[in-house]
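In: Predicted coordinates and the sequence they were generated for:
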Amino acid sequence: MEKAEQDQTIFVTGINCGRDTAFQEMLAVQERFDKTDGNVAYHAYQSFPPGEVSPQQCHQIGVELARQLWGEQHQVLVATHFNTGTYHNHFVLNSVSFVDGKKFNCNRSAYRALFQASDALCRKYGLSVIEHPDGKTPRNLYFAEKQGEPTRYNLMRQAIDECIGLSSNLDYFLKSLARRGYILNCAPNRKYPTIRTINSKKSVRLYQLGKGYSMPKIQKRIHQLNWEIQYPSYQADYHYYKTLKHSPVRKMKVRGSFKKSKKITGFFALYLHYCFFLGLLPKKKKHTPLSPQMREACRHLQQFSQQLELVHRAHLNTPEDVEHFLDRIARQIQQLQSQRTHCYNHLRRCSNIESRTALLQERDQCTAELLPLYRQRKIALRILHTRESMCANLRAEQKLRQYLTKPKERQHHRSQSYSR
């Protein structure tokens with residue numbers, strides 16, 4: 001009851017079971033058919049926007065949904081909560097049917113049936129329905145977006161918001177997006193407007209970015225701005241991309257010759273070049289990454305730093321060097337693991353206190369030596385796997401820089417032709 005009060009439980013109804021004895025009745029069905037292992041229950045929920053339903057109506061729809069989907073075969077407990085600020089229903093479904101003892105098959109068709117039945121009931125009662133539900137976001141991306149890290153969708157939303165504030169019409173908006181490395185396809189013959197990066201072939205539908213990023217909402221936001229106090233789009237984009245402007249060259253005298261110095265090649269040169277485009281090198285004048293791929297890569301700065309350190313320390317210049325390094329690490333790990341297994345085997349039969357203490361120390365020492373080897377193996381594997389993505393990101397950055405400098409070169413050639 002305390003947990004129910006904390007979650008602000010409003011209504012609870014048991015279908016094919018009592019609300020207070022639901023656990024005992026569900027367990028009795030599982031014991032009767034000898035199916036007490038595996039998944040014992042399934043959980044589903046149904047939520048409504050704030051202010052759209054009353055507590056009674058929310059619970060009524062939930063009970064009707066549970067009876068329609070599972071009422072003939074399974075026991076279900078329906079609870080209506082308000083702990084998140086919106087009315088929503090929780091469904092606890094017994095995995096074993098009380099009719100024939102078959103287990104509930106929780107697959108995609110079951111999810112689809114739940115969505116379709118819920119939408120049908122909402123339309124029946126005149127409630128709103130999500131026409132384009134968002135897909136399941138991966139756990140790492142969900143928490144990254146929650147913390148405000150530069151994920152692909154966050155960067156798209158940020159670019160759209162910035163371009164809306166810099167544009168006086170849709171044409172300026174599309175050009176501003178192109179200067180930031182995005183191509184928006186909103187042709188009238190397309191069913192859904194899409195957005196993608198210049199270097200990518202995979203597009204994202206605009207409605208997947210959120211409610212405020214559909215094409216009608218974007219056009220409405222553009223027209224609602226007060227253009228009298230806004231800077232023109234070309235001026236704002238010039239200030240935004242002033243990093244492309246080269247600084248004056250400073251002459252300096254050095255000892256020795258650059259021709260005789262050893263040229264940096266291999267993975268070390270790749271990581272230095274990559275860190276420069278990420279804005280890490282040099283420290284005095286940072287380079288602002290322009291392409292969305294490089295901005296998204298800023299989320300993994302710690303991983304790139306670890307990989308660069310291992311490349312420099314272990315002299316890993318080629319993929320063959322990394323593979324030899326992994327083989328050497330694998331042999332060391334296998335040797336330490338066998339040594340630790342030997343300690344475990346002796347500990348089972350050892351009764352002497354001094355010998356047991358020595359074996360425990362040897363075991364702990366093996367574990368302490370294994371941890372950095374595991375870490376180095378993980379970093380080395382990432383070096384092999386991220387090489388292609390790093391090269392693709394560098395090509396995207398250079399392609400965008402060339403795309404942004406081409407209009408200036410064309411304008412320069414045109415002025416020369418007119419002067420002639």
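Out: Structure received.
In: Can you show me the strands along this protein?
Out: With DSSP state E, the ranges of strands along the chain come out as 11-15, 41-47, 76-81, 88-94, 182-185, 194-197, 204-205.
In: in its sheet, what does the first one sit against?
Out: By that I understand strand 11-15. strand 76-81 (antiparallel) (DSSP bridges).
In: Who are the packing partners of the biggest helix by length in the chain?
Out: Longest helix in the chain, counting residues (DSSP state H): helix 353-419. Where contact means 3 or more C-beta pairs under 8 Å, 6 or more residues apart in numbering; DSSP states H and E, helix 353-419 is packed against helix 266-277, helix 292-297, helix 301-314, helix 319-349. C-betas here are computed from N, CA, C, even on glycine.
In: from the chain's centre, how far out does that helix sit?
Out: How far helix 353-419 lies from its chain's middle: 18 Å, per C-alpha atoms, centre = their mean, to the nearest Å.
In: ok and it relative to helix 266-277, angle-wise?
Out: 60 degrees (axes from the mean of the first three to the mean of the last three C-alpha atoms, to 10 degrees).
In: Let me know the average pLDDT across helix 353-419.
Out: Averaging pLDDT along helix 353-419 gives 76.
In: Could you report the distance from the nearest residue to C163 once chain neighbours are set aside to I164?
Out: Once flanking residues are discounted, C163 sits nearest to S176: 3.9 Å by C-beta to C-beta, 6 or more residues apart in numbering. Distance, S176 to I164, using C-beta to C-beta, to the nearest Å: 9 Å.
In: between these two, who's got more neighbours?
Out: Taking other C-beta atoms under 10 Å, S176 and I164 do not tie; S176 has more neighbours (23 against 19).
In: can you list the strands of the chain in a markdown table and add mean neighbour count?
Out: Below are these laid out as a markdown table (neighbours: other C-beta atoms under 10 Å):
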| stretch | mean neighbour count |
| --- | --- |
| strand 11-15 | 18 |
| strand 41-47 | 16 |
| strand 76-81 | 24 |
| strand 88-94 | 21 |
| strand 182-185 | 18 |
| strand 194-197 | 19 |
| strand 204-205 | 16 |
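In: Adding distance to A396, mean pLDDT and mean neighbour count, write the helices and strands packed on helix 353-419 out as TSV.
Out: Output for the helices and strands packed on helix 353-419, formatted as TSV (distance: least, C-beta to C-beta, whole Å; pLDDT from 0 to 100; neighbours: other C-beta atoms under 10 Å):
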stretch	distance to A396	mean pLDDT	mean neighbour count
helix 266-277	10	78	18
helix 292-297	5	76	23
helix 301-314	16	82	16
helix 319-349	22	90	13
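In: now for those, which one comes closest to V53?
Out: Set against V53 and scored by C-beta to C-beta, these come closest in helix 292-297, at 38.9 Å.
In: what does that closest one rub up against?
Out: Here helix 292-297 makes contact (C-beta atoms under 8 Å, 6 or more residues apart in numbering) with 150-152, 155-156, 159, 180-182, 197, 199-200, 277-278, 289, 304, 392-393, 396-397.
In: Just the buried residues of these.
Out: Neighbour counting with 16 or more other C-beta atoms under 10 Å marks 150-152, 155-156, 159, 180-182, 197, 199-200, 277-278, 289, 304, 393, 396-397 as buried within the contacts of helix 292-297.
In: Looking at N94 now. What's its pLDDT?
Out: 94.
In: Contact partners for it?
Out: 17, 26, 29-30, 40-41, 74-76, 104.
In: Export those as JSON lines, with columns for pLDDT and distance to R340.
Out: Formatted as JSON lines, the entries for the contacts of N94 read as follows, by pLDDT from 0 to 100; distance: C-beta to C-beta, whole Å:
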{"residue": "C17", "pLDDT": "92", "distance to R340": "51"}
{"residue": "M26", "pLDDT": "93", "distance to R340": "45"}
{"residue": "V29", "pLDDT": "92", "distance to R340": "47"}
{"residue": "Q30", "pLDDT": "92", "distance to R340": "42"}
{"residue": "V40", "pLDDT": "90", "distance to R340": "37"}
{"residue": "A41", "pLDDT": "92", "distance to R340": "40"}
{"residue": "H74", "pLDDT": "92", "distance to R340": "49"}
{"residue": "Q75", "pLDDT": "94", "distance to R340": "49"}
{"residue": "V76", "pLDDT": "94", "distance to R340": "50"}
{"residue": "F104", "pLDDT": "91", "distance to R340": "44"}
